[in-house]
Structures are given as C-alpha cells and as structure tokens.
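Asks: here is a sequence with its predicted model. Questions after.
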Amino acid sequence: MSAHYAVRDGVAVITMDNPPVNGLGNALRAALMDGLKRAEADAAVKAVVIIGSAKAFSGGADIREFNQPRTKPELPEVNEQQDAMSKPLVAAIGGFALGGGLELALACHYRIAAPRAQLGLPEVKLGILPGSGGTQRLPRIVPMAEAVRMMTTGATITSEKAKELGLVDEIAAGDLLEAAVAFAKKNPPLRRIRDMKPRVDGNTEEFFREIREKVAKESRGYPAPLEIVACAEAAATKPFDEGRKFERERFAHLVQTPESRALRHMFFAERQTTRIPDVPEDTPVREIRKAAVIGAGTMGGGIAMCFANAGIPVTMTDVSQAAVDKGLEKIKANYAGTVSKGRLKQEEMDKRLALIQTATSLDAVKDADIVIEAVFERMDVKQDTFRKLDAIAKPGAILATNTSTLDVNQIAAATKRPQEVVGTHFFSPANVMRLLEVVRAKQTDKDVLATTMKLGKKLKKVPVVSGVCDGFIGNRMLEKYVQQSLFLLDEGATPAQVDGALQRWGMAMGPFAMYDMAGNDIGWEIRKRRAQERPHMQYSKIADRICERGWFGQKTGRGWYRYEPGSRKPIPDPEVEAMISSYREEIGVRPRSVPEQEIIERCIYALANEGAHILDEGIALRASDIDMVYLTGYGFPPYRGGPMFYADSVGLERVLKSIQSFQKGYRGEQWKVAPLFEKLAKEGKKFNG
Ligand code: NAD
C-alpha cells in the first residue's frame, strides 16, 4: 500500500506514502485511484485532500520503474477520475510537486502549499513534455508566457511565486494538513482547471510567433521546447480534449527521438557513476570537516572555492606570500564577479571567503581531513610534495593529487601510506566544471575511494572513477580527437572548417578554438614529454610550428586564430592557413576538400574507439561513465548522449565500417580498433547494453 486513506471531519485525506519522493509508480497510482473512488462513493465525505510527506508532495514518475512494465491505471486515468469527482479536491503541497506530481495537483480543484515549496514541470530536461495534461492545464491557470517559460526551461517556482500567479490558492502558515482540511471543509465550488480559459496577453497569433522564434533560437538541437510551445498553442486555440489529444501525440513522438533517448541516458548515467562493483554502497566513509589545497594557482584557487562553496573550511598554501596573495585575489575577483551579476549575495561571498585560510608553510595542512595537491605538473615536484605531506598530514587524512597526466601509483609510492592516496582530477575552471575524475590507484583503500566519491557529490560534482593511465579517461581520449583534428589540417581542411563542422554538430566549441583557450603551450609541453616516452607517437607537427612562433592562443592574442585585444572571438588567420599549406608541401600531401561528415566521424569515432580501449582495459567501469566524462567535462552535446552512446545510436557495425575506411586513408595505421568494439559490432550489441 503506498497511500493511506482516512476521513477527518467529513474530509477524506489520501496520504501518499512512497518514499523517498512519492514517485508516481504503479502501486501509488492504483492507491490514488482507489482513494478517489472510495471518497466519491462515501456519502459521509464532503471533500478530499491529497497530501504527501513534509519533504515531498510528489517528484513525478517513479524513475525506478522507468524500464519496467507499467500497469494501469496510468496517470491520465487518475486525472480523469479527478475530473469526474463531484466533491472538491484539494492538493496539499509540501516540499515539491514536480512533473507528474504537479500534473496531479493541477487536476485538483485547489492547491494549498507550504511556504517555499517548489513547483515545476521539468520534463523538458529529459527531452519530453508534460504528458498528463500539464501543457493544457498550466496555461489555463497561470499567464501563458509564464507557463511556456516554466515548461520550456523546466525551472521550478516557489509556492510564494505560484500564489502570485494563481497556481497556488493559499500558503499554509501552520500545519499543512490542518490548513488543507479547513479549506476543504468550507465546501468551495468545483473549480476545474480544464474548464478555464487560457490567459494570453495580446494577440494570440503574434504571441506564439514571437515565442516560437525565441524558443527556436534557445533550443538549438533540442526538439522538445518547440513541441511544448505547440502544445501551449493548442491549449490557447483548441478545446481541452483536443489539446490533450495533441499533447499525447507529441509526447509519444518525443519519447522516440534520439535526443530524448540521449537525455534519458544521461539522467541514468549520472546516477550510476558512484556505483563501484567492489565497493559496497554502505562502505563506511571518513568525515571531511577540513580540507587543504597545495598550490594557489589556476586549479588550486578553483578547488579551494569548491570547498568554500560547500561550507567546508579550507587552507590554501603556496611557496611564497606573493603566490598565495595572487591566488586569493583571483578568488575574490571571481566571487565579486558573481556578486555583480546578481547571482551571489555579498554576505554569502563574505561567508565563503571567511572559510578560506592561506599559508606559506606546509605545516598548516596538518589537521586537514583531505589534502589536495595542485602544484606544477612534474613528477619530481609532485613526489617531493607527497614525501613532505606524508610527514605532516594527520593519520587517516586522504592525500589527493590533481595531476592531469602523471602516474598516481608513482606519486603514491613517495609516501609510506599509498593506500591513502587518490587522484582528484578537477577540470578548469574547477569551481564551474562539473566533472571530477576520481583516480583509483593500485593501493587506494576502498573507504578512501568511497569518501572521495561522496565528497565529489558534496562539492556538486559528477565524480567518475578512472583507473591509472596517461590522461585518465577524458584526456586520453582527447589525444585521439586532437590527433584526428590535426591530420584533417594536413589533408586540406582549415581550423575554422574543422571547428565549424564540430560546433554545428553540437560540440560547445571546436577543437582549435579550445586549444587557443586552454593555451597551446600546455599541449606542446606534453608533446615534448611524450616524444621521449613514446618516440613513435604520430602527430601533425603543424601544432609545434604554431607554438614555435609563440602563438599560444587567446593569452598571446594569436594561436590557431587571431584575437582582437580584449576579445575572445576567434578570427581565421590567413597566415596560419599559409603555414598549414607550406607544411603540406613539405610533407608531400596534395590538399583535398574534406567533407563535413568526414570531419565529424573522424573526430567523434576516434573518441569512441579510444573509449572502447579504455573499457577493455578496465580503466572505466562502464560505457556510461565515459559518456558522463565527455558530457560534463568536454562540452559534448547532451542531446547526443556522449561518445559511446552516440556510437551505439549510429550502430557499432556502421561505425566500424567507417573506421575501416579511415584505416585505408591518410595515417590510417593510427586507427587501431579496440577488440571490444569489434566483438560488440559483430554480435550486434551496444556499449551501453
Ligand atoms: P599553476 O601553474 O597555475 O599553479 C601551480 C601553483 O603551484 C603555483 O602557484 C606554484 O607557485 C605552486 N607550487 C609549485 N610548487 C609548489 C610546492 N612545492 N608547494 C606549494 N606550491 C607549489 O598550475 P595549474 O594550472 O593550477 O595546475 C596545477 C595542477 O593541476 C597540475 O598538476 C595540472 O596538470 C593540473 N590540472 C590543470 C588543469 C588546467 O586546466 N590548468 C586542469 C586539470 C588539472
């Protein structure tokens, strides 16, 4: 039984009880239907209240049942029963009413909410639309512009705002149930939203033309927002039942789109990353009450902000007072920027800054529960730091490194407590980017790993476990993407052409604009090191030529593109193109025109193929983790679902055929297909099974 039924003073109270969020699963929908019918049939009942827990009215569809068979009644049938009631129906909303939860409340005659409850229709975030009357009822009770905004962005509003808009009738100052029962007892008239007229300001046709244009611009690559606008227009122009029929059709269409499949994949993938097969969910974790960061540079400062934002006191150290001061100034400027944009209150900024202490001596980290090292990317410097940390840090402290490429096992070996060492690879800017690669070294203790994953969540990151290898999951794959993007130049493409193709496909930024932003010197340094470690590594030397000219990208005003002073807008540079052209002559390549589709396939399939190697080697736990790395750390378009999911959706056999054709082309020997890829393609299977 996932709802309780009781009668109080002639009011039937249906209490939903499906923790944690009253997901509208099979049993709860059936219990709601039973409760409604029972109340309707009982002559002693004059009105009905539907209520959840203090934490949640209802979070909508039960995600635990997403891939299981559904049983009747479906939510629309429950809504129909609500419409058929001859007694006033009051929704008592505590905590939040989201998605199907809000649709349930919208099919009641009245809504009473606790202060600060959250109401919203977030379906758009999964590439679908509210399919149980939400697109038809919401615009009948709140102004059309507000309804469209809520449904196309998925943003929630508070009960206070909902009261202003008419969505909520009363805010319960005291006990929510008492207030709802008192309201119901007054026997208010049956006010069905379906019988109301939508409220459009001004001319309806003009209103929708404008809103369609605006939403089309904002929703590049995503079909759901425009479908939502179409449903809202149906609400404004058609009778309720016709609008409902239209909504159902558009919902059925959206559920099948690749974009919605990709977004749903992402939703589940995000919830998977913390599951580690040999580390049970109930593994006891260590308490992180205090943190320390070593190195107050680009990454150290950002990482310190992550702790302060999560309310954890943090000490940031560097080698000199000047370095520490510079780091702290940057943090202050960063917060001040957010305050000036109105996204952070001054008091909150002060509170966060007060959590950040600075020091120039490593001794200051001795009482930290976790120490994260973010010093220069050199093994000798890292090992020296860890040797010292081993002597200073308290027993049980987690010793973490933010290295991007170095061997965490070697770093751990500098200490007498390698079991306490783990990698925490943040992405730049660390206070913004959601990805956190948590690198599990050979000897990392299970509880150290579990604690670091939990901390990642607390810092509002998406923590993904990676084994030790050069570049871990994300940067190791990126190397193959970079390699292809440069080979494409060798063959005849320009940086703007490669960037344009990938950006139109959906990447947040093309690779060359990305290198210019990150600084071309960083890749150059890595290539120099690799030239010794892997002398046979193949790459286009054109990248080195750019660096030899001192064209490091945005910071030097020139890179793969030119930049006007103070601007980040890349401007194609004929001089770069001439350099590429003479490089082609030098290596004896006759340029050809490279089709856009080939640019996309070579770059994206290079990611998927390296991802398959990574899976094969057990560096990543699952294909969806690799997808999360790209979705949250590398600007991969969510509606494509990540490189592995994308390869799955094209079909692995088809992808493999393309790769085989690339093997016959320029530098084709670089394409080594992962055995797992071949096996799955042969069996007609997918990475994300
Ligand atoms: P940075 O040069 O901006 O900062 C490094 C800081 O470490 C400097 O302030 C330096 O004074 C300090 N430092 C050097 N040796 C020290 C020591 N022995 N004790 C205390 N402080 C010391 O470098 P960064 O970009 O912040 O990178 C730091 C680490 O993070 C590197 O391992 C890098 O590979 C990694 N990383 C960087 C990025 C990025 O985009 N910048 C992204 C992910 C990871």
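Replies: Here it is on my side, so go on. Numbering: from 1, shown residues only.

Asks: in the stretch 251-400 of the chain, what residue lies closest to the ligand?
Replies: Among residues of the stretch 251-400 of the chain, the one nearest the ligand by Cβ to the nearest ligand atom turns out to be Gly297. It sits 1.8 Å away. From N, CA and C alone the C-beta is placed, and that goes for glycine too.

Asks: distance of that residue from Phe376?
Replies: 8 Å (Cβ to Cβ, to the nearest Å).

Asks: show me which of the two is the more surrounded one.
Replies: When neighbours are counted by other Cβ atoms under 10 Å, Gly297 comes out ahead of the other of Gly297 and Phe376, with 15 against 10.

Asks: got the contact list for the residue most central in space within the chain?
Replies: Closest to where the C-alpha atoms of the chain average out (Cα atoms, centre = their mean) is Thr632, at 5.6 Å. By Cβ atoms under 8 Å, 6 or more residues apart in numbering, Thr632 lies in contact with Met433, Arg434, Leu435, Val462.

Asks: any idea how far Val432 is from Asn79?
Replies: 41 Å.

Asks: which residues are in contact with stretch 181-194?
Replies: Counting by Cβ under 8 Å, 6+ apart, residues outside stretch 181-194 touching it are 8-11, 13, 46-49, 83, 85-88, 90, 106-107, 109-110, 112, 133, 136-137, 140-141, 169-170, 240.

Asks: wait, the residue of the stretch 251-400 of the chain closest to the ligand sits on Ala374?
Replies: Yes. Counting by Cβ atoms under 8 Å, a contact exists between Gly297 and Ala374, whose distance comes to 6.6 Å.

Asks: so how far is the ligand from the closest residue in space to Ala3 that isn't next to it in sequence?
Replies: Nearest-residue entry for Ala3: Ala31, 3.6 Å, with adjacent residues in sequence omitted and distances by Cβ to Cβ, 6 or more residues apart in numbering. As defined by Cβ to the nearest ligand atom, to the nearest Å, Ala31 lies at a distance of 50 Å from the ligand.

Asks: the ligand contacts on the protein?
Replies: Taking Cβ under 6 Å from any ligand atom as the criterion, the chain approaches the ligand at residues 294-300, 317-319, 323, 374-377, 381, 385, 402-404, 426-428.

Asks: select only the buried ones of the residues you listed in PyMOL?
Replies: Here the buried members of these are turned into a PyMOL selection, burial being counted by 16 or more other Cβ atoms under 10 Å:
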select buried, resi 294+295+296+299+300+317+318+323+374+375+377+385+402+403+404+426+427
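
Asks: show me the residues of the chain next to the ligand that map onto helices.
Replies: With helices defined by DSSP state H, the entries of these inside them are Thr298, Met299, Gly300, Ala323, Val381, Thr385.

Asks: next one: Val482 from Arg558, what distance?
Replies: In this structure, Val482 lies at 19 Å from Arg558, with Cβ to Cβ as the measure.

Asks: what's the nearest residue to Ala450 once chain neighbours are set aside in contact with, if anything?
Replies: Distances taken as Cβ to Cβ, 6+ apart place Thr283 nearest to Ala450, at 4.2 Å, with adjacent residues excluded. Thr283 sits next to Lys446, Asp447, Ala450 when contact means Cβ under 8 Å, 6+ apart.

Asks: just the strands in the stretch 351-500 of the chain please.
Replies: Listed from the start of the chain, the stretch 351-500 of the chain has strands (DSSP state E, counting those that start in this stretch) covering 356-359, 370-373, 398-401, 421-426, 435-439, 462-466.

Asks: now those strands as CSV including mean pLDDT?
Replies: Formatted as CSV, the entries for the strands of the stretch 351-500 of the chain read as follows, by pLDDT from 0 to 100:
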stretch, mean pLDDT
strand 356-359, 98
strand 370-373, 98
strand 398-401, 98
strand 421-426, 98
strand 435-439, 98
strand 462-466, 98
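
Asks: and the closest residue to the ligand within the stretch 551-689 of the chain, how far from Ala450?
Replies: When scored by Cβ to the nearest ligand atom, the stretch 551-689 of the chain has Gly633 as its residue closest to the ligand, at 9.7 Å. To Ala450, Gly633 is 22 Å away according to Cβ to Cβ.

Asks: more neighbours: which of the two?
Replies: In terms of neighbours (other Cβ under 10 Å), Gly633 is the more surrounded of Gly633 and Ala450; the figures are 23 against 20.

Asks: the more buried one touches Val432, doesn't it?
Replies: No. Look at Gly633 against Val432 with Cβ under 8 Å: they stay out of range, at 11.1 Å.

Asks: quick one: low-confidence parts of the protein?
Replies: Across the chain, the stretches falling below the confidence threshold (pLDDT under 70) are 1, 67.

Asks: what about the strands in the stretch 1-150 of the chain?
Replies: Going by DSSP E, counting those that start in this stretch, the stretch 1-150 of the chain shows strands at 3-8, 11-16, 47-51, 89-93, 96-98, 110-113, 118-120.

Asks: quick one: list the elements packing against the last one.
Replies: In other words, strand 118-120. Using 3 or more Cβ pairs under 8 Å, 6 or more residues apart in numbering; DSSP states H and E as the contact definition, the elements that strand 118-120 packs against are strand 96-98, helix 100-106, strand 157-158, helix 159-165.

Asks: who wins for proximity to Glu585 among the ones you listed?
Replies: Closest approach to Glu585 among these (Cβ to Cβ): strand 96-98, 61.0 Å.

Asks: and stretch 668-685, end to end?
Replies: Across its full length, stretch 668-685 reaches 26 Å between end residues, using Cα to Cα, to the nearest Å.

Asks: in that stretch, what counts as buried?
Replies: Buried positions in stretch 668-685, judged by neighbour count with 16+ other Cβ under 10 Å: Gln670, Trp671, Val673, Ala674, Leu676, Phe677, Leu680, Ala681.

Asks: on that earlier part again, any chance of the strands of the stretch 1-150 of the chain in CSV, plus distance to Ala252?
Replies: Converted to CSV, those look like this (distance: least, Cβ to Cβ, whole Å):
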stretch, distance to Ala252
strand 3-8, 28
strand 11-16, 27
strand 47-51, 27
strand 89-93, 27
strand 96-98, 22
strand 110-113, 28
strand 118-120, 23
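
Asks: make TSV out of the ones you listed and add mean neighbour count.
Replies: Putting these into TSV (neighbours: other Cβ atoms under 10 Å) gives the following:
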stretch	mean neighbour count
strand 3-8	15
strand 11-16	23
strand 47-51	26
strand 89-93	29
strand 96-98	27
strand 110-113	28
strand 118-120	22
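
Asks: nearest to Gly60, of those strands?
Replies: Proximity of the strands of the stretch 1-150 of the chain to Gly60 was assessed by Cβ to Cβ; the nearest stretch is strand 96-98, lying at 5.0 Å.
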